[in-house]
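> how does the following fold in three dimensions:
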Amino acid sequence: MAIQEWLDEGESVIDSWSIYILKAASVNNSAGKIYVTNKNFRFDIQTSMVNSPAGLMLANDGRHLVVPYSEIAKVELQTQLLIMKNLKLELKSGEVYVFRFGILSPAKAIEEIQKRIN
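This next block holds a predicted model:
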């Protein structure tokens, strides 16, 4: 499904990044794309790791996560092993999402989100 099909009326994409999500309360380990829009933070889940009787399998479940900026408490940079960079998103509900950018910097994504939550 194209991003334009699930944007709200009047919503437009500011920028996007392909990432891997490490952990989250409601999302399996997944690869996909995050979108910073003028209204929401979005994560398009393109591939997920799911448990099955045969072991871990890749699944394309076509889901996406939408977080209105009003629900975001904090966004910050996390660094692992000196070069691996993550974007940590904390919601007011207490849920935490960690998006792995690898060696790429999430600084622009963090800056764009902070503009909209402050």
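
> need the next SSE after the least confident helix or strand in the chain by mean pLDDT, C-terminal direction.
Ranked by mean pLDDT, DSSP states H and E, the weakest helix or strand in the chain is strand 55-59, scoring a mean of 44. Downstream of strand 55-59, the next assigned helix or strand under DSSP states H and E is strand 64-68.

> and the longest helix belonging to the chain with strand 64-68, angle?
Longest helix in the chain, counting residues (DSSP state H): helix 107-117. Put simply, helix 107-117 runs at 50 degrees to strand 64-68, going by axes from the mean of the first three to the mean of the last three C-alpha atoms, to 10 degrees.

> got the contact list for helix 107-117?
Under the criterion C-beta atoms under 8 Å, 6 or more residues apart in numbering, residues 14-15, 17, 34, 36, 38, 41, 69-70, 72-73, 75-77, 87, 89 lie in contact with helix 107-117. (C-beta placed from N, C-alpha, C; glycine too.)

> in that helix, which residues are buried?
Using 16 or more other C-beta atoms under 10 Å as the test for burial, helix 107-117 gives Ala109, Ile110, Glu112, Ile113, Arg116.

> gap between that helix and the chain center?
The chain centroid and the centroid of helix 107-117 are separated by 13 Å under C-alpha atoms, centre = their mean, to the nearest Å.
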